[in-house]
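# kindly generate the corresponding structure for this input.
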Amino acid sequence: MDKTSQCCDKKSLDFYWRSCVDGQHVAAAVTASLAALQANGGRLNPIQEADAASRVKRRINRARQGKLRSPAHVKTIRSAPELVDMFELRWGHEDDRDDDLIVSRYDALGHLLTPAHRALLRLYYVEQPDSGAWFLGLHVHEKTLVMAGERGRSGVDQEATDEQQQLHIDRAIAILDAGAQDHCGVPELSQRFGDTPLAS
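Prediction:
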């Protein structure tokens, strides 16, 4: 059964980004998101970069205000460990075009591979509702749609696409596991929990 994120509850939450020690958690998540959009040949011109930064910040701030909608903005990660409430913050979902992120993709020689397109950015975060109104961002990436052309079919190969995405989900889980003891390097969470580790 899918859980409901606190980010949909219309109540204020604190947001933290892993390993952020200066208190600028939203800015750190925006920086990581822009890097994810520009990985694997992605490029943003200055106008696209400023627009993407604004849209990522706006979506995170809406999450902090509890104003997200499921499943357009947020989705439960079912493969997460049982003790963890892990969710996917989403951009580019077909049911929500308000915060679309636009990126172009190039090969190593600078040849255009795909023109400006809507990026499917995914940010994985965890909550522990019994310990307060907060959520912790762990990992962000651009979801890749694997096309089925090589297998003699057309359209998206959903199985291969899901396998690619699961690698990133597993990375988020590994980050949480490795950082549970020191609260993923977030001083505010260490103050909140003391010697008690995060659930992982």
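# only C-alpha atoms from now on, for both contacts and neighbour counts.
Noted.
# quick test: name the residue nearest the centre of this structure.
By Cα atoms, centre = their mean, the chain has its centre lying nearest to residue 123, at 0.3 Å.
# now the spatially closest residue to that one that is not a sequence neighbour: how far from residue 112?
Nearest residue to residue 123, sequence neighbours excluded (Cα to Cα, 6 or more residues apart in numbering): residue 140, at 4.2 Å. Counting by Cα to Cα, to the nearest Å, the gap between residue 140 and residue 112 amounts to 24 Å.
# rounded mean pLDDT for whichever helix in the chain runs longest, please.
Of all the segments of type helix in the chain, defined by DSSP state H, the longest one is helix 158-179. Averaging pLDDT along helix 158-179 gives 94.
# tell me the helices and strands packed up against that helix.
Judged by 3 or more Cα pairs under 8 Å, 6 or more residues apart in numbering; DSSP states H and E, helix 158-179 is in contact with strand 134-142.
# now tell me what touches the strand it packs on from outside.
Residues outside strand 134-142 that contact it (Cα atoms under 8 Å, 6 or more residues apart in numbering): 13-18, 29, 32-33, 36-37, 119-128, 168, 171-172, 175-176.
# check the closest residue in space to residue 38 that isn't next to it in sequence and give its pLDDT.
Distances taken as Cα to Cα, 6+ apart put residue 44 closest to residue 38, at 6.9 Å, once the chain neighbours are dropped. According to the prediction, residue 44 has pLDDT 83.
# pLDDT below threshold where in this structure?
The model of the chain has pLDDT under 70 over residues 1, 94-97, 150-154.
# mind doing that once more with 90?
1-3, 39-48, 71-72, 78-84, 92-119, 129-131, 144-158, 199-200 (pLDDT under 90).
# going along the chain, name the helices of it.
Using DSSP H, helices in the chain cover 25-37, 46-64, 158-179, 187-193.
# which one of the ones you listed is the most hemmed in?
Burial of those is given as mean neighbour count (mean count of other Cα atoms under 10 Å); helix 25-37 ranks first at a mean of 20.
# for residue 178, what are its contacts?
With contact taken as Cα under 8 Å, 6+ apart, residue 178 is in contact with residue 184.
# one step back: tell me the bridge partners for the residue nearest to the centre of the chain.
Residue 123 has these beta-bridge partners by DSSP bridges: residue 89, residue 140.
# who are the contact partners of it?
88, 89, 90, 137, 138, 139, 140, 141.
# wait, the first one touches residue 75, no?
The one in question is residue 88. Yes - between residue 88 and residue 75 a contact is recorded at 5.1 Å, counting by Cα atoms under 8 Å.
# neighbour count: the two, which is higher?
Per other Cα atoms under 10 Å, whichever of residue 88 and residue 75 has more neighbours is residue 88, with 22 against 19.
# distance of the closest residue in space to that one that isn't next to it in sequence from residue 11?
Closest residue to residue 88 apart from its sequence neighbours, by Cα to Cα, 6+ apart: residue 124 at 4.6 Å. To residue 11, residue 124 is 20 Å away according to Cα to Cα.
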